[in-house]
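Asks: Sequence below, structure please.
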Amino acid sequence: MKDPHPAHSVEELCAAGSELYERALREGRIHSEDAEVAPCLVDFGLLQPAVEDPVRLEPVAPVVALHRLLRRSGERIADERRREARLAAVFEPLMRVDGRRTATADTPMINVLSGSKQINQAITEAMAHASRELLTVQPHTHTHTGERRYQAEAIALDRDQALLDRGARIRTLYQHTVRHSPTVLARYEQLKGDIETRSLDEVTDRLIVTDRTVAFIPADKDGSLALEVRHPALVGYLVTTFDRLWRLATPMYPEAVRRPSLKGVTPRQRAIATLLVEGHTDAAVAERLGLNVRTARAHIAKLAETLGSESRAQLGYLIGRSGILDDSEQ
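Replies: Model (predicted):
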C-alpha cells in the first residue's frame, strides 16, 4: 500500500510537489497520473486540468498562484481584524466595571502602563526574563525626536543584544516604506544573532511579544499609554495574528527579496490601487501605507500615467479593467 501524502501547508511545499511543479512549468503540462505523487499541487491550485484534455494538468503561473494565495490569506486576516474589533467593543465597557469581586492573581492579566518611562521599564523587565523569542510589529512612526529618540534607540539596542546573547531570536515586521531606510538597516548591522525582518504594505499598531507569554500593545494614539497583556488566550491571539502576517510579508533582512511588478505596476502602486477602489482619500491611503500625502499622490500620479488615466474617476475604472488586482490574472 502506497504511503499517504504527508499533510503540509502551501508555504512548506514538499520536495515532490516543488519538483513536479517546476517540471510542469518547463513542459507546459503533465499527465494527471504523474501528479499522484504530489496531490497537494492540485489542492493548492498550482495545477489545474487542461480544458481540451482533462487527463492532462496545466501549471498555474507562479505570479497568479501567489497573488491568489495572498488574497485568500488577506481575507482571513481581515476577518480576524474584524473579530478583534468586535471583541474590543464588547470588553472595553466591561473593563471599566469595578472588579473587586473578581478572581485575583499575583500578576494582573492586563496592566495599564502610563508614560514612556513606565512602558520602557516594563518592556525591559519582560525582555530580561525572556530567553526564546521576541516578536515585534513596528509601524514607521516615532514618538520621540532628537536626543530622546537617540536615547530610546540605544536602550532598545542594548535590550535586543542582551536577548540575542541568551540564544533567543528576533522577528520584526515593518511597513514597506522602511525597506531601504539606512537608519533601520544600520540598526540591524549593529546587532549580532538570529534576527529576521520582513515588511508589508500595511501592518497593525505597534506590538511586542516576549517568549509568547507577555505582550505590549498601545492603549492610545499618541503612545503615552500601553497595555501589558499576560492573559494566555489574548497573547496567543496576538501571536497567531503576527504569524499570519509574517507568512504574507516580504523578506527584508538579512536578505531582501524584491517584489515583482505586474504590467508595469509596482507592488506599492497595487497596494495604493486597492485602497483607491475601496474609496479611500489620498490622506487615508498615505496613513494606511505609512507614507506622507505628497509621496502617496506621486505614486497615484504614476499609476494613472501607467494605466493611461486622464481623471480620478477614470482611474478607478481602469484599475478594475487592468486586472492588476484580479487573482485570476494570467
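
Asks: what's the spacing between the residue nearest the centre of the chain and residue 25?
Replies: Nearest to the geometric centre of the chain sits residue 245, at 3.1 Å (CA atoms, centre = their mean). The gap separating residue 245 from residue 25 is 29 Å, by CB to CB, to the nearest Å. (Each C-beta comes from the backbone N, C-alpha and C, glycine too.)

Asks: Which of the helices or strands spans the residue nearest to the centre of the chain?
Replies: In the assignment (DSSP states H and E), residue 245 maps to helix 232-248.

Asks: quick one on the thing from earlier: and the residue nearest to the centre of the chain, how far from residue 211?
Replies: For residue 245 relative to residue 211 (CB to CB), the value is 19 Å.

Asks: same deal with residue 202?
Replies: According to CB to CB, residue 202 and residue 211 sit 27 Å apart.

Asks: Over to residue 223?
Replies: For residue 223, the distance to residue 211 - CB to CB - is 23 Å.

Asks: ditto for residue 96
Replies: 30 Å.

Asks: When those two are compared, which one has more neighbours?
Replies: Applying other CB atoms under 10 Å to residue 96 and residue 211 shows that residue 211 carries more neighbours, namely 17 against 8.

Asks: and the more buried one, what is it in contact with?
Replies: With contact set as CB atoms under 8 Å, 6 or more residues apart in numbering, residue 211 has these partners: 129-133.

Asks: quick one, phi/psi of it?
Replies: phi 50, psi 20 (degrees, to the nearest 10).

Asks: Make residue 1 into 47 and carry on from there
Replies: Got it, the first residue is 47 from now on, which makes the last one we talked about residue 257.

Asks: gap between it and residue 219?
Replies: 18 Å.

Asks: Also residue 266?
Replies: Taking CB to CB, one finds residue 266 at 21 Å from residue 219.

Asks: Which one's more surrounded, the two?
Replies: Of the pair residue 266 and residue 219, residue 219 is the one with more neighbours under other CB under 10 Å, namely 22 against 9.

Asks: my guess is that one contacts residue 295, does it?
Replies: Yes - the pair residue 219 / residue 295 is scored as a contact, 5.9 Å apart, by CB atoms under 8 Å.

Asks: overlap in contacts of these two?
Replies: 244-246.

Asks: Surely residue 126 is in contact with residue 288?
Replies: No - in this structure, residue 126 is not within contact of residue 288 by CB under 8 Å, at 11.2 Å.

Asks: ok, these two, which is more surrounded?
Replies: A count of neighbours by other CB under 10 Å puts residue 288 above the other of residue 126 and residue 288, at 21 against 15.

Asks: ok, so what distance separates that one from residue 165?
Replies: Taking CB to CB, one finds residue 288 at 19 Å from residue 165.

Asks: State the number of residues packed around residue 228.
Replies: Using other CB under 10 Å, residue 228 is surrounded by 8 other residues.

Asks: Sorry, slip of the keys, the one I care about is residue 247.
Replies: 22.

Asks: cool, and residue 97?
Replies: Using other CB under 10 Å: residue 97 sits among 8 other residues.

Asks: hang on, it is in a helix, isn't it?
Replies: No - read with DSSP: H, G, I helix; E, B strand; the rest coil, residue 97 is coil and lies in no helix.

Asks: residues in contact with it?
Replies: Residue 97 neighbours (CB under 8 Å, 6+ apart): none.

Asks: same thing with the one 3 residues further on?
Replies: By CB under 8 Å, 6+ apart, the contact set of residue 100 is residue 78.

Asks: just checking, it is part of a helix?
Replies: No - with three-state DSSP as the criterion, residue 100 is coil rather than part of a helix.

Asks: Over to it: give its phi and psi.
Replies: Reported as degrees, to the nearest 10, the phi and psi values for residue 100 are phi -60, psi -20.

Asks: elements contacting whichever strand or helix holds residue 254?
Replies: Remark: residue 254 resides in strand 253-256, with elements defined by DSSP H and E. In terms of contacts (3 or more CB pairs under 8 Å, 6 or more residues apart in numbering; DSSP states H and E), strand 253-256 is packed against helix 162-174, strand 179-184, strand 260-264, helix 278-294.

Asks: of all the ones you listed, which lies closest to residue 80?
Replies: helix 278-294 (28.7 Å; CB to CB).

Asks: So what's the model's average confidence on the helix or strand following that closest one?
Replies: For helix 278-294, the succeeding helix or strand toward the C-terminus, using DSSP H and E, is strand 296-299. Mean pLDDT, computed over strand 296-299, is 86.

Asks: likewise stretch 316-330?
Replies: The model assigns stretch 316-330 a mean pLDDT of 80.
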